[in-house]
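S.K.: What follows is a predicted structure for the sequence shown.
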Amino acid sequence: MRFLLPAILLILTACHPPAAQEQRINLSTAVWDHYDRYREPAIKHRFLKHDEMRSLIGKHEDRDLIHNEIVGESVRGRSIHHLTMGEGPTRVLMWSQMHGDESTATMALFDLFNFFSARDEHDSLRNLILDNLELHIIPMLNPDGAEVWQRRNALDIDINRDARQLATPEGRALMEVAKKVQPVFGFNLHDQSIYYSAGPTPRPATISFLAPAFNEARDMNDVRARATRVIVTMNEVLQEKAPGQVGRYDDTFDPRCFGDTFQGMGISTILIESGGFHGDVEKQEIRRINFLAILRALESIARGDYARDNIAVYDTIPENRRSLYDLVIRNVTIEKEGRDFKTHIAVNRRQRLDNDYKTVTFRGVIEEIGDLNHHYGYEESDAEGLRYSPGKVKNMSVSEWQSLDRDAELSLMRQGFLYVNTGRNNIPDVTDRLLKRVNGGHEIPPTARPGGAGTFLLVRGDKPVMAVVDGEVVILGE
């Protein structure tokens, strides 16, 4: 990004911010402490499906909060809904889940609907937004992808790369709504990898922003500047709730993308990407952070105070960087090719979708071996003085396997066992186990390798001290 602002103006603005900016009224932050009032209780996990969404829309239609218009159908005939509320002169368009497996903002939007339908001490904020804005929301643009928890639609097209060809019915629906509504602002709501950090730091990019470019030169016109200033406003409030965990996307122009295209159409477009947050696998805390970010943006647009924000602050938001892993084991000794070497191991817990498309299981995989001094783990362990060991296989009967409790498993792990062979494959597995069940033909890799199992032992001499089981650390003791 290249802002051609006089240096003297930046210095004066930084040293002497406008009095009005110093006295900024920010009603949305007061809602943060009352979020549980508005959190939609029917949404308990991120695997929201189309039928569940339609039921929630019906609830708010019954309350006369929203006007519901079906603006198209997905490839497989699922309805695409355009929801409208508010009676103000400034139109705002928000669309979520154009990638079917990116639902964090969708959850937050239904929390926002609950906020707008409530009556309490935050009425002044509700009235400010609904009296000054006309909100247009498409809460699940890719319902076919959401149904089977995949990024692309049923044609295997990435809808967010379909702004020019409009080969997908979902992309056509979004473009038709945008042309009909002609919004001043657009919010493109996504999820990103949890392995992005906010710059070269160990902090995850919990939220990342982008004011997309509208041309190859990445120029800054009034349309893009409006989007940038709203991002600065949101960043200010998020730094209070997730300090150091806000990132900025690279702004390379891509004319296939809706954000870049809408920016060129005169719609001030803001990309919000939901990343990772420590301990928040189901993204429920990030859902809350989304709720606040969007609410603050709407408040600022309704009041117009975003226009006073210093656009240069946008460039101070650190760029996304893929620096994170689920687990980093540091200073572990590995034997390979007849020699010992000390290094670091990074393990990720890859998600495997279950047959119900509503739950996942996790499989630990070694992603990297080598110098990770500028990479970080959500969890880290120092293995100084410890050696990598693949673990052994314990043969036992099915009944013995099924009757194992946690203490018995830990005892076996302290003896160097990580796997159990029951000799049969057609038995129901036992969940929440530390030991991994394998069949008789399964070979345990003799040493660590990228792509190998994220299940192994760390030993001192011949004594297991620590185990890693599918990317999670189990302390065994000396």
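M.R.: Great, that's in hand.
S.K.: Every contact and neighbour count from this point should use C-alpha atoms.
M.R.: Fine.
S.K.: pLDDT wise, what is Arg2 at?
M.R.: Note for Arg2: predicted pLDDT of 36.
S.K.: Low-confidence stretches in this protein?
M.R.: 1-24, 425-431, 440-442 (pLDDT under 70).
S.K.: Show me how it divides into domains.
M.R.: 7-322, 324-475 (automatic domain parsing).
S.K.: For the helix or strand hosting Leu112, list the C-alpha coordinates in PDB.
M.R.: Element membership of Leu112 [criterion: DSSP states H and E] is helix 104-117. Provided in PDB are the C-alpha atoms of helix 104-117 (Å, rounded to 0.1, in the frame of the first residue of the first chain):
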ATOM      1  CA  THR A 104     -17.700 -17.700  11.900                       C
ATOM      2  CA  ALA A 105     -19.300 -14.500  10.700                       C
ATOM      3  CA  THR A 106     -22.600 -16.300   9.900                       C
ATOM      4  CA  MET A 107     -22.800 -17.200  13.600                       C
ATOM      5  CA  ALA A 108     -22.100 -13.600  14.500                       C
ATOM      6  CA  LEU A 109     -24.700 -12.200  12.100                       C
ATOM      7  CA  PHE A 110     -27.400 -14.200  13.900                       C
ATOM      8  CA  ASP A 111     -26.100 -12.800  17.200                       C
ATOM      9  CA  LEU A 112     -26.500  -9.400  15.700                       C
ATOM     10  CA  PHE A 113     -30.000 -10.100  14.700                       C
ATOM     11  CA  ASN A 114     -30.800 -11.000  18.300                       C
ATOM     12  CA  PHE A 115     -29.100  -7.700  19.400                       C
ATOM     13  CA  PHE A 116     -31.300  -5.700  17.100                       C
ATOM     14  CA  SER A 117     -34.500  -7.400  18.200                       C
END
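S.K.: from the domains of the chain, which stretch is densest packed?
M.R.: Counting by mean count of other Cα atoms under 10 Å, domain 7-322 has the highest mean neighbour count of these, with a mean of 19.
S.K.: ok now that one, how far from the chain's centre?
M.R.: Centroid displacement of domain 7-322 relative to its chain, using Cα atoms, centre = their mean, to the nearest Å, is 13 Å.
S.K.: change the start of the numbering to 887 and stick with it
M.R.: Okay, using 887 as the starting number, the last item reads as domain 893-1208.
S.K.: For Asp1201, see how far away Gly1085 is.
M.R.: 12 Å (Cα to Cα, to the nearest Å).
S.K.: if we can go back for a sec, what does the helix holding Leu998 rub up against?
M.R.: Contact partners of helix 990-1003, identified using Cα atoms under 8 Å, 6 or more residues apart in numbering, comprise 923-926, 929, 932, 942, 946, 949, 951, 982-983, 1012, 1025-1026, 1075-1077, 1160, 1169-1170, 1172-1174, 1176-1177, 1181.
S.K.: Could you list which of those belong to strands?
M.R.: Ser982, Leu1075, His1076, Asp1077, Ser1160 (DSSP state E).
S.K.: need the contact list for the first one.
M.R.: By that I understand Ser982. Going by Cα under 8 Å, 6+ apart, the list of residues near Ser982 reads Ser989, Ala991, Thr992, Ile1024, Pro1025, Met1026, Leu1027, Asn1074, Leu1075, His1076.
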